[in-house]
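Participant: Provided below for reference: sequence and predicted model.
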Amino acid sequence: MVRSLLASEWLKIKRTKVWSLLFISPLFAAIIGFTVDLPVEGKEGWAYLLVMMGAAHSLLILPLIISVFSGFICRYEHQSGGWRRLFSMPVARQHVYLAKYLIVFGLVALNQLMFSIVYITAGLYQGIGGGLPVDILFKCLIGGLIATMPLIALTLWFAAIWSSFAAPFTLNVILTIPNMLVANSEMFRPWYPWVQPFIMMQAEDGGFFTMPAGSLLLAVGLSFVLLYIGGSVSIQRKAV
């Protein structure tokens, strides 16, 4: 059932402009990566470049792109009674939410992959030298992807309950703007979904995905479980 829903969701977005959005944050990060002056070389230079490009990518643009992905994946159902037609079919509503979630997660994963390609290209252009710190890059990319899971669940929740495409995006913009302040708060930043990708993509030594394992499992894991359940329950109770 979920496989069929995934195929259906794929057909809905296959020829849309959503694919062009994958280039926004990597291109913005590329501007930083190709122009920033690196005070160090070698492994430290790669780490410094990752911090600079990762911040440009994950602090403001990535959270906004996620909300647009979620809006696109629900846009079809909000038009001409799409939810009514979908729920009239023999499909479980929780499977609908899961399929939409997996599609958005896949788009974010592609976005992370494109960022890694741009990062490596910028490092080679800068002539940093030394070996590429694959371990740090892997931690940051996978950690950043994991950290987007609560935010995907939350923005998909918004997109499913609001028919206006602009409403969830506007709310996401408002909640993304404080990221620069929340990122400096030891108390609030682990629990704020909009800043979690930025925290998890910081190139630091030690820890699991640059954060203590306890903080990772508690903040990101618990946030994801609660928000995913909330979104799934909301779509099951959605009136059509």
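Facilitator: Everything's here; your move.
Participant: Tell me the first helix or strand C-terminal of the lowest-mean-pLDDT helix or strand in the chain.
Facilitator: Taking all helices and strands of the chain together, the one with the lowest average confidence (mean pLDDT, DSSP states H and E) is helix 213-215, at a mean of 62. The C-terminal neighbour of helix 213-215 among helices and strands, as given by DSSP states H and E, is helix 222-236.
Participant: So which bits of that following helix are buried?
Facilitator: Residues of helix 222-236 classed as buried by neighbour count (16 or more other Cβ atoms under 10 Å): Ser223, Phe224, Leu227, Tyr228, Gly231, Ser232, Ser234, Ile235. Placement of C-beta: from N, CA and C, glycine included.
Participant: what does stretch 135-147 give?
Facilitator: Using 16+ other Cβ under 10 Å as the burial criterion, the residues of stretch 135-147 that qualify are Ile136, Leu137, Lys139, Cys140, Leu141, Gly143, Gly144, Leu145, Ile146, Ala147.
Participant: Any idea how many residues pack against Leu110?
Facilitator: 12 (other Cβ atoms under 10 Å).
Participant: Name the nearest residue to it, ignoring sequence neighbours.
Facilitator: Excluding the flanking residues, the one nearest Leu110 by Cβ to Cβ, 6 or more residues apart in numbering is Leu22, at 5.7 Å.
Participant: Tell me what angle the biggest helix by length in the chain forms with helix 222-236.
Facilitator: Within the chain, and with DSSP state H defining each element, the longest helix by residue count is helix 93-126. Orientation check (axes from the mean of the first three to the mean of the last three Cα atoms, to 10 degrees): helix 93-126 against helix 222-236 gives 140 degrees.
Participant: How far does helix 93-126 sit from its chain's centre?
Facilitator: Shown here is helix 93-126, whose average C-alpha point lies 7 Å from the average C-alpha point of the whole chain (Cα atoms, centre = their mean, to the nearest Å).
Participant: Which of the residues in that helix are classified as buried?
Facilitator: Neighbour-count burial for helix 93-126, counted by 16+ other Cβ under 10 Å, picks out 93, 95-105, 107-108, 111-112, 114-115, 118-120, 122-123, 126.
Participant: Which of the buried residues of helix 222-236 lies at the shortest distance from Phe158?
Facilitator: Taking Cβ to Cβ as the measure, Phe158 lies nearest Gly231 of these, at 8.7 Å.
Participant: Which of the helices or strands spans the residue lying closest to that closest one once chain neighbours are set aside?
Facilitator: By the measure of Cβ to Cβ, 6+ apart, the closest residue to Gly231 outside its immediate chain neighbours is Trp157, 3.5 Å from it. Element membership for Trp157 (DSSP H and E) is helix 134-161.
Participant: still on that earlier bit, am I right that the residue nearest to Gly231 is in contact with Ser234?
Facilitator: Yes. The pair formed by Trp157 and Ser234 meets the contact definition of Cβ atoms under 8 Å, at 5.8 Å.
Participant: Just the angle for the helix holding Trp157 relative to helix 222-236, thanks.
Facilitator: 30 degrees.
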